[in-house]
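[1] Sequence first, then the predicted structure:
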Amino acid sequence: MEVKGSASTIPIAATRSRLHGKIASKSGCPCASTTVQLLKFTMTGDIFYDAQSLESAKKLFRADVHSLIHADVLDGLAQIKTATVDLIFADPPYNIGKDFDGVSDLREEEEYFEWCWKWLVECKRVLKPTGSFYVMNSTQNMPRFDLFCRQHFSILSRIVWGYDSSGVQAKRFFGSLYEPILHMVLDKKCYTFNADDVLVEAKTGAKRGLIDYRKNPPQPYNTKKVPGNVWDFARVRFKMDEYENHPSQKPEALLDRVIRASSNAGDVVLDPFSGSFSTCAVAKKLGRQAIGIDINETYVKIGLRRLGIDSHFEEADLKKEKVRKTKNRSKRDRRAESVEQSALQLELQN
């Protein structure tokens, strides 16, 4: 098999870590004995069924190699051709009554799951045979997601994203301080996993300079390791630079790990529920091709700004404005406000 392009043909073995990651190189991937063309990756209309019509209708916005689809998730996915996406990160509404710019995500339970099954199957359709798929949901919903996804994907990891309490916790049961993530692939023998790109410090004898005598010859303990499936990333707070006006924004550090591990430079990364467009922003930063889908115009404007697609709106319309996701304020903020009010009263008295 050959891919037509403008670069020279190179043996697949020489480019394995870039194209398919270490797992693929050791797994007997069907393409391991072929040659490929290393392409200069550019986003073209070929990934969409009718890019010109979408752009004319102002439903598709593009700049450089990045694309944004302003549409419902099912309509947006329907515009993407089969087997064209390398990595999907899906963080859908959890059906818990959150307010998304004035729209509640709450549906009847069975209606919600039927809707989820539809977009999950569509995600499977657009994913390449060697692609990876991460999907999040609530602790209550994930068991049903797990059962459904087993029928369509190979589940590699069940990741736990743990975080600190926001100060508001349940008082009659043990409140949840984590969100589950499924890491899935279509072919568990051929997929991208760049272990060396996501190494973390190993809490072993390496810190004390100990020697591992189980090895022959004995060697110092490794100082780095591949992360396990329990991830500790702080939730995005109002005062963080990365904060956007979205009720369920995910930390860029978490997305960075996902994208580094499961894609390579030039790969197509899709977020079908883009929201704050953090996935797309991180994908862009890491040299991937980002595709974001969202139906909400407020969030679409966030995406246009973060992807540098500013040709369709005035610059003022895309300006970043920080607004709290909740009316709850921290004790520190309340104290600061109290001090300001006291100072103002003294000034007025004088």
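    Sure, I can see it.
[2] Determine the number of other residues adjacent to Gln349.
    6 (other Cβ atoms under 10 Å). From N, CA and C alone the C-beta is placed, and that goes for glycine too.
[3] distance of it from Ser342?
    For Gln349, the distance to Ser342 (Cβ to Cβ, to the nearest Å) stands at 11 Å.
[4] try Leu186
    In terms of Cβ to Cβ, Leu186 sits 62 Å off from Ser342.
[5] ok, those two, which is more surrounded?
    Leu186 (18 against 10).
[6] mind listing what the more buried one touches?
    When contacts are counted by Cβ atoms under 8 Å, 6 or more residues apart in numbering, Leu186 touches 124, 127-131, 133, 153-154.
[7] a markdown table please, covering those and showing distance to Cys190, pLDDT and secondary structure.
    Formatted as a markdown table, the contacts of Leu186 follow (distance: Cβ to Cβ, whole Å; pLDDT from 0 to 100; DSSP: H, G, I helix; E, B strand; the rest coil):
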| residue | distance to Cys190 | pLDDT | secondary structure |
| --- | --- | --- | --- |
| Lys124 | 16 | 99 | helix |
| Leu127 | 13 | 99 | strand |
| Lys128 | 10 | 98 | strand |
| Pro129 | 7 | 98 | strand |
| Thr130 | 5 | 98 | strand |
| Gly131 | 10 | 99 | strand |
| Phe133 | 14 | 99 | strand |
| Phe153 | 14 | 99 | coil |
| Ser154 | 11 | 98 | strand |
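[8] Now stretch 202-221: average pLDDT?
    Mean pLDDT, stretch 202-221: 74.
[9] so how far does that stretch reach from one end to the other?
    9 Å (Cα to Cα, to the nearest Å).
[10] contacting residues around that stretch?
    For stretch 202-221, the surrounding residues in contact (Cβ under 8 Å, 6+ apart) are 222-225.
[11] Compare the residues you listed and tell me which has the most neighbours.
    Lys225 (15 neighbours).
[12] can you pull the pLDDT of that residue?
    90.
[13] Distance of it relative to Phe89?
    Computed as Cβ to Cβ, the Lys225 to Phe89 distance reads 23 Å.
[14] do the same with Phe277
    For Phe277, the distance to Phe89 - Cβ to Cβ - is 12 Å.
[15] between the two, what contacts are shared?
    By Cβ under 8 Å, 6+ apart, Phe277 and Phe89 have these common neighbours: Asp271.
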